[in-house]
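[1] Sequence and computational prediction follow.
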Amino acid sequence: MNDSTDNSLQAVRGCPVAHHGADPTRLYGPEAATDPAGIYERLRKEHGSVAPVLLEGDVPAWLVLGYRDNRRVLDNPRQFSRDARIWRDWREGRIEETSPIMPMVGWRPDCVSQDGEPHRRLRGAVTDGLQAAATRGIRRHVTYFANKQIDAFADAGRADLVADYAEQLPMLVLTRMLGLPAADGQRLIESCAEVFKGGEGALEHNDRIMQILAELAERKRAEPGSDFATALLEHPAGLDHDEVVSHLRLVLIAAHTTTSNLLARVLQRVLTDSARLSGLVSGELNISSVVEEVMWDTPPLSVLPGRFATADLELGGHHVQEGELLILGLAAGNLDPEVRPDSAVAVQGNQSHLAFSSGPHECPGQNIGQSIIEIGVGVLLLRLPDLRLAVPPEELGSTASTWESRLDSLPVEFAVQVHN
């Protein structure tokens with residue numbers, strides 16, 4: 001490490017990276033975009049189950065790679081808080097509010113940013129609202145929008161199931177569930193993607209999302225409906241305006257990004273394995289078992305932000321200081337050789353993956369997401385039973401950010417549908 005690099009790192013603080021006397025690994029940039037799994041494997045060999053990394057803007061963090069260490073962090077909020085207000089780098093002025101990682105890591109008035117009683121109060125409102133939405137015909141909505149999306153390309157005999165289906169279907173369902181006009185969906189798809197991607201546009205797109213959702217909250221305050229926004233506004237927990245808008249944002253971004261990514265990966269798994277595809281079409285194979293495999297092998301979020309050490313402690317053989325940022329390697333943890341020595345071994349029936357997080361902050365909307373995926377795949381195969389890949393499987397590529405790895409496209413062909 002040269003003097004200028006060393007000085008810049010020390011200026012960031014006695015940061016995790018500086019403890020190791022080696023150039024830090026960046027979880028952003030060209031290598032991270034094309035080979036995140038290679039980075040995780042290298043970090044595991046060099047550092048063990050926890051590794052020092054740099055996030056966008058060279059923000060220092062600890063990446064948790066081991067399955068058991070991920071569980072320890074996720075299940076122990078007293079040691080590893082979700083409250084970013086204790087983040088030392090931010091508290092001491094080294095992280096700007098304009099940093100592109102703030103939409104993912106920074107504090108906001110939602111249940112994900114709180115622990116203890118504040119978390120229970122807000123999460124209760126979210127859980128009740130999602131439960132109410134799930135009982136108001138979520139399966140009917142998914143079936144309707146799945147057919148509508150398929151209608152848009154059924155006459156063409158070909159489609160890109162990422163751009164034309166997996167990216168669209170979850171947002172169509174979510175706009176209906178939240179109480180948004182369908183016309184807002186396309187703008188929100190783009191903005192959700194940009195927030196996860198990071199970079200210069202992340203803050204601008206986060207502001208766009210907040211504006212659309214603030215307008216939604218005001219409309220629903222004046223004209224209540226049978227939707228998630230109204231459920232938050234009317235909940236006995238008494239959420240204020242900022243809390244309502246922040247939870248609309250939380251559900252929108254988390255649900256769309258994870259569900260669209262997982263739907264694309266499930267379709268990829270099905271279409272690159274003829275035995276699975278024929279089993280699903282014939283009804284001999286249950287789609288839920290394929291979803292489970294994908295959640296183990298390619299979880300929709302590769303890395304989960306973030307936790308903050310509430311005191312100095314040891315984790316994975318490393319000394320973590322109070323207030324330091326930890327990010328959870330869900331993809332790396334699911335493939336940890338200590339718990340999965342042979343990643344080729346079937347995992348059907350084993351739901352102990354990290355895909356939905358764990359502990360008090362475990363995803364409250366996972367059943368809705370799984371319904372969207374299972375119904376979306378089922379309707380697609382029913383409508384297009386001769387569906388097949390239009391390119392060799394090895395030509396399918398992915399692009400990663402710090403937080404996720406998304407399938408670029410999934411081109412398919414099928415017989416043109418004849419309408420009666």
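    Arrived safely.
[2] What's the separation between R123 and H361?
    Going from R123 to H361 by Cβ to Cβ, to the nearest Å gives 8 Å. C-betas here are computed from N, CA, C, even on glycine.
[3] just so I have it, where are all the strands in the stretch 151-300 of the chain?
    Using DSSP state E, counting those that start in this stretch, the strands of the stretch 151-300 of the chain run over 158-160.
[4] ok, back up a step: shared neighbours of R123 and H361, anything?
    C111 (Cβ atoms under 8 Å, 6 or more residues apart in numbering).
[5] Could you pull out the helices in the stretch 101-250 of the chain for me?
    102-105, 116-134, 138-153, 169-178, 185-197, 202-222, 228-234, 241-271 (DSSP state H, counting those that start in this stretch).
[6] Single out the most deeply packed of those helices.
    helix 169-178 (a mean of 25; mean count of other Cβ atoms under 10 Å).
[7] What helices and strands are in contact with it?
    Helix 169-178 sits against helix 138-153, helix 185-197, helix 228-234, helix 241-271, helix 366-383, with contacts defined as 3 or more Cβ pairs under 8 Å, 6 or more residues apart in numbering; DSSP states H and E.
[8] Which of the ones you listed sits closest to M104?
    For the helices and strands packed on helix 169-178, the distance to M104 is smallest for helix 185-197, at 7.2 Å, taking Cβ to Cβ.
[9] who's in contact with the closest one?
    By Cβ under 8 Å, 6+ apart, helix 185-197 touches 103-104, 167-168, 171-172, 174-175, 180, 201-202, 204-206, 208-209, 212, 252-253, 256-257, 401, 403-404.
[10] could you give the angle of that helix to helix 138-153?
    Calculated by axes from the mean of the first three to the mean of the last three Cα atoms, to 10 degrees, helix 185-197 forms an angle of 100 degrees with helix 138-153.
[11] Poorly predicted segments of the stretch 251-400 of the chain, please.
    344, 346-349 (pLDDT under 70).
[12] Which stretches in it count as helices?
    Using DSSP H, counting those that start in this stretch, helices in the stretch 251-400 of the chain cover 274-282, 287-297, 330-334, 366-383.
[13] So which of those helices is the most surrounded?
    Most buried among the helices of the stretch 251-400 of the chain, counting by mean count of other Cβ under 10 Å: helix 330-334, with a mean of 26.
[14] would you list every one of the strands in the stretch 301-420 of the chain?
    303-309, 313-315, 318-320, 325-329, 388-389, 398-400, 405-407, 411-413.
[15] Can you list the helices and strands that the third one packs against?
    Other elements packing on strand 318-320 under the criterion 3+ Cβ pairs under 8 Å, 6+ apart are strand 50-55, strand 313-315.
[16] Doesn't R94 lie inside a helix?
    No: judged by DSSP: H, G, I helix; E, B strand; the rest coil, R94 forms no part of a helix; its state is coil.
[17] now it: how far from H319?
    When R94 is compared with H319 (using Cβ to Cβ), they lie 20 Å apart.
[18] Tell me which of the two has more neighbours.
    R94 (16 against 11; other Cβ atoms under 10 Å).
[19] Quick check, pLDDT for that one.
    Listed pLDDT for R94 reads 94.
[20] Next one: it relative to R26, how far apart?
    The value you get for R94 to R26, if Cβ to Cβ is used, is 17 Å.
[21] With G129 instead?
    From G129 to R26 the distance is 38 Å (Cβ to Cβ).
[22] looking at the helices and strands packed on helix 169-178, which is closest to N350?
    Comparing the helices and strands packed on helix 169-178 under Cβ to Cβ, the one sitting nearest is helix 366-383, at 15.6 Å.
[23] closest to V345 out of the helices of the stretch 251-400 of the chain?
    Closest among the helices of the stretch 251-400 of the chain, once you apply Cβ to Cβ, is helix 287-297, at 10.1 Å.
[24] quick one: the closest one to helix 366-383, angle?
    120 degrees.
[25] same for helix 287-297, what does it pack against?
    Taking 3+ Cβ pairs under 8 Å, 6+ apart as the contact cut, helix 287-297 packs with helix 241-271, helix 274-282, helix 330-334, helix 366-383.
[26] Of the ones you listed, give the one that comes closest to P52.
    helix 330-334 (14.5 Å).
[27] Report the distance from the closest one to the chain centre.
    Relative to its chain's centre, helix 330-334 lies at 13 Å (Cα atoms, centre = their mean, to the nearest Å).
[28] pLDDT on stretch 189-200, on average?
    Here the average pLDDT along stretch 189-200 is 87.
[29] and V64, backbone torsions?
    phi -90, psi 120 (degrees, to the nearest 10).
[30] Next one: it from H318, what distance?
    Taking Cβ to Cβ, one finds V64 at 10 Å from H318.
[31] between those two, who's got more neighbours?
    Using other Cβ under 10 Å, the more surrounded residue of V64 and H318 is V64, with 29 against 18.
[32] Give the bridge partners for the more buried one, please.
    V50, L328 (DSSP bridges).
[33] In JSON lines: the strands of the stretch 301-420 of the chain, plus distance to R78.
    JSON lines is the format used below for the strands of the stretch 301-420 of the chain (distance: least, Cβ to Cβ, whole Å):
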{"stretch": "strand 303-309", "distance to R78": "11"}
{"stretch": "strand 313-315", "distance to R78": "11"}
{"stretch": "strand 318-320", "distance to R78": "14"}
{"stretch": "strand 325-329", "distance to R78": "14"}
{"stretch": "strand 388-389", "distance to R78": "48"}
{"stretch": "strand 398-400", "distance to R78": "32"}
{"stretch": "strand 405-407", "distance to R78": "32"}
{"stretch": "strand 411-413", "distance to R78": "49"}
